[in-house]
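Asker: 3D model of this:
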Amino acid sequence: METTPEQLVLESRGLRVAVAPRLGAKIVSLRTADGREWLWQDPRVPLTPRRYGDRYETQNAGGWDECFPTIAPCVYPEEPWQGIALPDHGELWTLPWEWQRSEDTLETWVYGIRLPYRFGRRLRLAGERCLVAEYQVENLAPYPLAVLWSAHPLFAAEAGAVIELPAGTPVLVDYSAGGRVPTGLEYHSWPYLSASDGRRVDVSRFPGAQAGVAG
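Answerer: This next block holds a predicted model:
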């Protein structure tokens, strides 16, 4: 594993993975031996340290971040932390993480600021072109924690790329630009969503950036 002050690199014959522990343990690059970069690189904002509570849209959004203990900014709903404000995309992406490495494994972890938890991620190379990500969250309080987690990779998709999921997988839409698809508690059946105008929309195929939508 190659190491620099800014990034830690896991590398096999077929795959190179770069992680920035000080930047929320962001996976900044996922590159295969053929030279293809699989993660979108944000050209708008340089990779610089974040401040707790920053808006995600104002920072470098490329690569792969972790969202926890929330995704959207919110107020914690339950005692004993009821009323505590949690920031946009959670706490983890703005915090420096601790780390420990071996030749083919990188373990990173961080402690919560406004809630008592330890969040850990273990990245492991398996074979020449496979990256395994394993997660562990420890509740450090004697009370239950109500949390949300999302891995947040932004892939460098090209027009015509296909997302493969088992047909009929339940899909719940949380947000749709311009109200194109109803949001709420209505489940859709992959790969089709029921649009607001009554059409069935196949969202498995990426139309390209010029479309202004993801599916």
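Asker: what residue spans form the domains of the chain?
Answerer: Segmentation of the chain into domains, based on automatic domain parsing, reads 2-153, 170-211.
Asker: worst mean pLDDT among those?
Answerer: Among those, domain 170-211 has the lowest mean pLDDT, at a mean of 86.
Asker: mind checking how far that one is from the chain centre?
Answerer: Distance of domain 170-211 from its chain centroid, counting by CA atoms, centre = their mean, to the nearest Å, is 20 Å.
Asker: stretch 11-24 too?
Answerer: Stretch 11-24 sits 15 Å away from the centroid of its parent chain (CA atoms, centre = their mean).
Asker: in that stretch, what's buried?
Answerer: 11, 12, 15, 16, 17, 18, 19, 20, 21, 22, 23, 24 (16 or more other CB atoms under 10 Å). The way it works is simple: take the backbone N, C-alpha and C, and place the C-beta from them, glycine included.
Asker: center of this protein - which residue?
Answerer: For the chain, the residue whose C-alpha lies nearest the mean C-alpha position (CA atoms, centre = their mean) is residue 152; its distance is 1.3 Å.
Asker: next, it: secondary structure please.
Answerer: Taken by DSSP: H, G, I helix; E, B strand; the rest coil, the conformation at residue 152 corresponds to strand.
Asker: what's the answer for residue 115, then?
Answerer: coil.
Asker: with adjacent residues omitted, what lies nearest to it?
Answerer: residue 69 (5.6 Å; CB to CB, 6 or more residues apart in numbering).
Asker: immediately after the helix or strand harbouring residue 106, which helix or strand?
Answerer: Using DSSP states H and E, residue 106 falls within strand 105-111. Counting by DSSP H and E, the element after strand 105-111 in chain order, helix or strand, is strand 117-125.
Asker: what angle sits between the strand holding residue 106 and strand 117-125?
Answerer: 170 degrees (axes from the mean of the first three to the mean of the last three CA atoms, to 10 degrees).
Asker: many thanks, I have nothing further to ask.
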